[in-house]
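Enquirer: turn this into a model:
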Amino acid sequence: METLRSALSEGSLLCLDTLVFIYHFEEHPDYLSKTKVIFSAIERGQVKAISSTVAMLEVLVQPLRDGKNDLADNYRKILHYFPNFELIPVNTAIADRAAGLRASYNIGAPDAIHLATAIEAEAECYITNDRKLARVQEIRVLQLQP
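Expert: Residues are numbered from 1 along each chain as shown. Sure, this is the predicted structure:
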């Protein structure tokens with residue numbers, strides 16, 4: 001938790017993986033205490049956060065599949081209106097960087113796009129729970145799970 005707290009220093013720019021949203025807004029019992037710290041810091045303006053528009057695609061799939069339209073609508077509102085948070089669309093620089101990350105680390109396109117978004121935006125870190133991304137060297141990758 002201390003590593004996470006150090007990432008939340010005043011003025012930091014964080015990039016959030018899709019799982020961070022799911023864990024927080026669906027109140028995952030194992031991670032909610034950590035995501036509360038993150039989203040509280042963002043909401044207060046202590047830090048700013050970004051994520052790729054790919055996060056919207058990813059968080060909406062399961063609620064739409066399950067017919068949970070209210071949950072899907074809540075995600076849409078959160079991703080568009082949460083204070084001090086911005087969705088970053090994929091552009092050519094992000095796509096080019098993502099291709100390089102995929103080639104170097106053999107990771108999937110969504111992960112590569114998220115990481116490329118963080119790198120191109122010059123975020124201090126990328127917060128995830130995906131252990132295979134820990135080997136990425138171009139940006140500091142923080143895991144929710146120790």
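Enquirer: could you use CA atoms for every contact and neighbour count after this?
Expert: OK.
Enquirer: could you list the buried residues of stretch 126-133?
Expert: The neighbour-count check on stretch 126-133 (16 or more other C-alpha atoms under 10 Å) flags 126-129, 133 as buried.
Enquirer: what mean pLDDT does the host helix or strand of Leu115 get?
Expert: Here Leu115 sits within helix 109-120, counting by DSSP states H and E. Averaging pLDDT along helix 109-120 gives 98.
Enquirer: do stretch 52-66 as well
Expert: Averaged over stretch 52-66, pLDDT sits at 97.
Enquirer: which parts of it are buried?
Expert: Buried, per 16+ other C-alpha under 10 Å, within stretch 52-66: 52-56, 59-60.
Enquirer: then that stretch to CSV, C-alphas only?
Expert: Taking C-alpha atoms only, stretch 52-66 is exported to CSV below (Å, rounded to 0.1, in the frame of the first residue of the first chain):
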residue,chain,number,x,y,z
SER,A,52,-7.7,5.0,-22.7
THR,A,53,-11.2,5.0,-24.3
VAL,A,54,-10.6,1.2,-24.5
ALA,A,55,-11.5,1.2,-20.8
MET,A,56,-15.0,2.2,-21.8
LEU,A,57,-15.3,-0.7,-24.2
GLU,A,58,-14.0,-3.1,-21.6
VAL,A,59,-16.2,-2.0,-18.6
LEU,A,60,-19.4,-2.0,-20.7
VAL,A,61,-19.1,-5.6,-22.1
GLN,A,62,-20.2,-7.6,-19.0
PRO,A,63,-23.0,-5.3,-17.9
LEU,A,64,-24.5,-5.2,-21.4
ARG,A,65,-24.1,-9.0,-21.8
ASP,A,66,-25.9,-9.5,-18.5
